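J.: Sequence and predicted structure are below.
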Amino acid sequence: MPKVFNEVIDLGDGRTISLETGKLAKQAHGSVVVQMGKTMLLCTVVSNYKQSDVDFLPLTVDYREKFASAGKYPGGFFKREARPSDAEVLTMRLVDRVLRPLFPKDYHAETQVMIQLMSHDEDVMPDALAGLAASAAIQLSDLPFETAISEARVARVNGEFVINPNRAQLAESDIDMMIGASADSVMMVEGEMDEISEEEMADAIKFAHEAIKVQCAAQVKLAEAFGKKATREYADAEENEELATRVNDVVYQKCYDIAKKGTSKSERSEAFAAVKEELIATFSEEETEEFGALIGKYFNKSQKNAVRELTLSEGLRLDGRKTTDIRPIWCEVDYLPSTHGSSIFTRGETQALATVTLGTSRDANIIDSPTTEGEERFYLHYNFPPFCTGEARPLRGTSRREVGHGNLAQRALKGMVPDDCPYTVRVVSEVLESNGSSSMATVCAGTMALMDAGVQMTKPVSGIAMGLISDGDRYAVLSDILGDEDHLGDMDFKVTGTEDGITACQMDIKVKGLSYEILVNALKQARDGRLHILGKITDTIATPNTDVKSHSPKMVTRRIPNEFIGALIGPGGKVIQEMQKETGCTIVINEDPVTEEGIVEILGTGSEGIDTVMAKIDSLLFKPTKGETYKVKVIKMLDFGAVVEYLDAPGNEVLLHVSELAWERTENVSDVVNMGDEFEVKYFGVDPKTRKEKVSRKALLEKPEGYVARPPRDNNRGRDNRGRDNRRDDRKPREERKGS
């Protein structure tokens, strides 16, 4: 039995998280099992000892949830885990964004961090433990890594903050945020909120950070007990301070002057490229061959420093704006004639075209994973094609970036789609141009497209991407950042919300020890920018359209008792299929287990078809009331009466007996009524003798003058007082009667 090392983290409310190493996956460079309740994650890290021939860290963070962990089989034909789900991809991104900045800039060895859910507990959400597992595995390895980190989910339930809540608590919470941090600094924030204030958001981050400090300390303690390995040696990237100074002397001021001109993206790119060409021309052919890569590296560094200094010293930006300025915005709705809703949102050189499609519950996004089963009735997809940045590159399916940005926009908007919206709603954002936060453009375009489609949003939502540049003593918060400012800055944070508060956020913080004062100030500046953008949206479309478009499907929902579902469907689905074919409507029936009712969704473009289906349902549910009068129509003639149909409930038939046609004796039914005749009858309920429903026409007619009712039949006639038949005494014996 191998020697096993453990460390326990007390969450302070009776729950604990344990870290274990030494038992599993010992050939990995670092491995750890993280357990909370019955949830167990195995995380391993391996990094090649040879540097890769690239100028970046080829880091792969992979997170997978094994179906066996929850005692389930994978869905579909092939019973094997396949491509990662969106939820798994989102967890990978959360971990990657915190780990990547902590590796040395010159460390370029192929590195894999693999996190696997091996056992699942319904009360423990595993994604909140993934960052802790990744960092703990790295701490147990010899990889060069700056400091331990961890991630924690924070929720607020009944006004109280909770770390790593269970699903029931999260359902009641008005905050769902994931925080990634080291012991010293917050590095990543992502989540959704119910219109909270900037101060409340900062308080939630602080609360999570305190818990993360404890988790980081536990990792360090486990590594020390295990025997922390010496950090591996690797070939440092070549540096040449003399060359760096030479490059800076040539290009710094030129880059500063170009940045100060406030030109467009293409003009800046051409100008910076020209400066780089001039720089290279100052080197001999031998020097260029020897220092080529370093020349480019130092040029980029000088360019970055020049742009940052311009902002810090003069408050100016690459495109000429001041720090709080928002780029010009124009919007349009109802651009695409055949979609259920559409809009264009253009801000500077970023443009998103959003569409909305309305459907039934059958169109819901089904989620079937080891940890989650359910469906989404509102979902958003984000597409980022190469042409939007003027590039041509391979198309390899949906990228992790597209999944992440789409999820952020979905979380921003979903809280404003009312719970009683009868439709399944799909929003798709096509990014057509990108130079600074296409995800926030997606939020704005999505809001307008939803209102254009007639979805009754509670409030419109806008979003803005903010940046930060700081040198330790000075700082500048940038509203509505460009793509270059995202790359050159110290923080990229995206904030969405209504006029009343924040609905979602995503932050990546690249500087250590960012004060909460700066964070709150940045969030308040973001609010001003968000409200400015919101004003542009509402100038274009102030409120949702009162109804869906003429070519859009209209949705009517009807509840029926469960016992009528079978009749509505019909044998083998015959009834419902014929109705759909006849009316052109889509009819979906679901059962509500709580109320034990059937929920019938009727989706159709024309009101006539919907009315026909509703009439069929009304007919199915029709129950006449005893003593009431109803208008009927004769649909069948019989010797002993007429079959009539209730005009208010087609398909509901009842026998009108010949004796109830008129007060006079009726020999032939056709003497009184004929096929197609319409008249009123009175409903008497179920006749206790015949056990059949009884209606009467004559009950509504006046009795003829002198009418005498026939005496009721005496069922005891011919019987003695003991009930015996006394009529046989003077009759012939049975045998003789048979003969005669």
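T.: Happy to help now that I have it.
J.: mind listing what residue 52 touches?
T.: Residues near residue 52 by Cβ atoms under 8 Å, 6 or more residues apart in numbering: 58, 108, 109, 110. (Glycine included, C-beta is placed from N, CA and C.)
J.: Generate a PyMOL selection restricted to the buried entries among the residues you listed.
T.: In PyMOL, this line selects whichever of those come out buried by 16 or more other Cβ atoms under 10 Å:
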select buried, resi 108+109+110
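J.: nearest to residue 456, of the contacts of residue 52?
T.: residue 58 (47.9 Å; Cβ to Cβ).
J.: any idea which of the contacts of residue 52 is closest to residue 628?
T.: residue 58 (79.6 Å).
J.: Just the element for the residue lying closest to the closest one once chain neighbours are set aside, please.
T.: Spatial nearest neighbour of residue 58, chain neighbours left out: residue 110 (4.9 Å); criterion: Cβ to Cβ, 6 or more residues apart in numbering. Assigned by DSSP states H and E, residue 110 belongs to strand 109-119.
J.: For that strand, name the packing helices and strands.
T.: strand 39-51, strand 59-65, helix 86-99, helix 127-139 (3 or more Cβ pairs under 8 Å, 6 or more residues apart in numbering; DSSP states H and E).
J.: Tell me which residues touch residue 346, please.
T.: 329, 330, 331, 433, 441.
J.: still on that earlier bit, same list, the contacts of residue 52, but as CSV with pLDDT and distance to residue 309 please.
T.: Putting those into CSV (pLDDT from 0 to 100; distance: Cβ to Cβ, whole Å) gives the following:
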residue, pLDDT, distance to residue 309
58, 96, 32
108, 93, 29
109, 94, 34
110, 96, 36
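J.: Same list (the contacts of residue 52) but as JSON lines, adding distance to residue 243.
T.: Listed next are the contacts of residue 52 as JSON lines, based on distance: Cβ to Cβ, whole Å:
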{"residue": "58", "distance to residue 243": "26"}
{"residue": "108", "distance to residue 243": "20"}
{"residue": "109", "distance to residue 243": "25"}
{"residue": "110", "distance to residue 243": "29"}
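J.: tell me which of the contacts of residue 52 is nearest to residue 358?
T.: Distances from residue 358 to the contacts of residue 52, taken by Cβ to Cβ, are shortest for residue 58, at 43.4 Å.
J.: how much space between the closest one and residue 111?
T.: Separation of residue 58 from residue 111 (Cβ to Cβ, to the nearest Å): 7 Å.
J.: Quick check: pLDDT value at the residue nearest to residue 366 when sequence neighbours are not counted.
T.: Excluding the flanking residues, the one nearest residue 366 by Cβ to Cβ, 6+ apart is residue 375, at 5.3 Å. We have a pLDDT of 89 for residue 375.
J.: Run a quick neighbour tally on residue 375.
T.: Using other Cβ atoms under 10 Å, residue 375 has 13 neighbouring residues.
J.: hmm, back to that, what about the contacts of residue 346, which one has the most neighbours?
T.: residue 441 (30 neighbours).
J.: Check the offset of the one helix or strand that residue maps to from the chain's centre.
T.: Using DSSP H and E, residue 441 falls within helix 438-453. On the basis of Cα atoms, centre = their mean, to the nearest Å, helix 438-453 sits 15 Å off its chain's mean C-alpha point.
J.: What of stretch 591-600?
T.: 24 Å.
J.: Would you mind listing the buried residues in it?
T.: In stretch 591-600, counting by 16+ other Cβ under 10 Å, buried: 597, 598, 599, 600.
J.: So the residue nearest to the last one when sequence neighbours are not counted: helix, strand or coil?
T.: Spelled out, it's residue 600. Nearest non-adjacent residue to residue 600, counting by Cβ to Cβ, 6+ apart: residue 558, 4.5 Å away. Classification of residue 558 using DSSP: H, G, I helix; E, B strand; the rest coil returns strand.
J.: which residues does residue 558 contact?
T.: 599, 600, 602, 614, 617.
J.: Tell me which two in the residues you listed are the farthest apart.
T.: 599 and 614 (14.2 Å).
J.: what about the strands in the stretch 251-400 of the chain?
T.: 329-333, 341-347, 350-359, 365-368, 373-376, 378-383 (DSSP state E, counting those that start in this stretch).
J.: Can you lay out the ones you listed as JSON lines showing distance to residue 73?
T.: Converted to JSON lines, the strands of the stretch 251-400 of the chain look like this (distance: least, Cβ to Cβ, whole Å):
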{"stretch": "strand 329-333", "distance to residue 73": "45"}
{"stretch": "strand 341-347", "distance to residue 73": "39"}
{"stretch": "strand 350-359", "distance to residue 73": "28"}
{"stretch": "strand 365-368", "distance to residue 73": "10"}
{"stretch": "strand 373-376", "distance to residue 73": "13"}
{"stretch": "strand 378-383", "distance to residue 73": "25"}
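J.: ok, the contacts of residue 52 vs residue 350, which is closest?
T.: Comparing these against residue 350 with Cβ to Cβ places residue 58 closest, at 29.3 Å.
J.: Between the two ends of stretch 584-598, what distance do you get?
T.: Start-to-end span of stretch 584-598 (Cα to Cα, to the nearest Å) is 21 Å.
J.: same question for that stretch, mean pLDDT?
T.: 87.
J.: can you count the residues close to the residue nearest to residue 685 when sequence neighbours are not counted?
T.: Nearest non-adjacent residue to residue 685, counting by Cβ to Cβ, 6+ apart: residue 626, 4.0 Å away. For residue 626, the tally of surrounding residues (other Cβ under 10 Å) stands at 11.
J.: residue contacts, residue 626?
T.: Counted by Cβ under 8 Å, 6+ apart, residue 626 has contacts 683, 684, 685.
J.: buried residues in the helix or strand harbouring residue 214?
T.: For residue 214, the enclosing helix or strand under DSSP H and E is helix 198-226. For helix 198-226, a neighbour-count test (16+ other Cβ under 10 Å) marks 198, 200-201, 203-205, 207-209, 211-212, 214-216, 218-220, 222-223, 226 as buried.
J.: cool, and stretch 63-75?
T.: 63, 64, 65, 66, 67, 69, 70, 72, 74.
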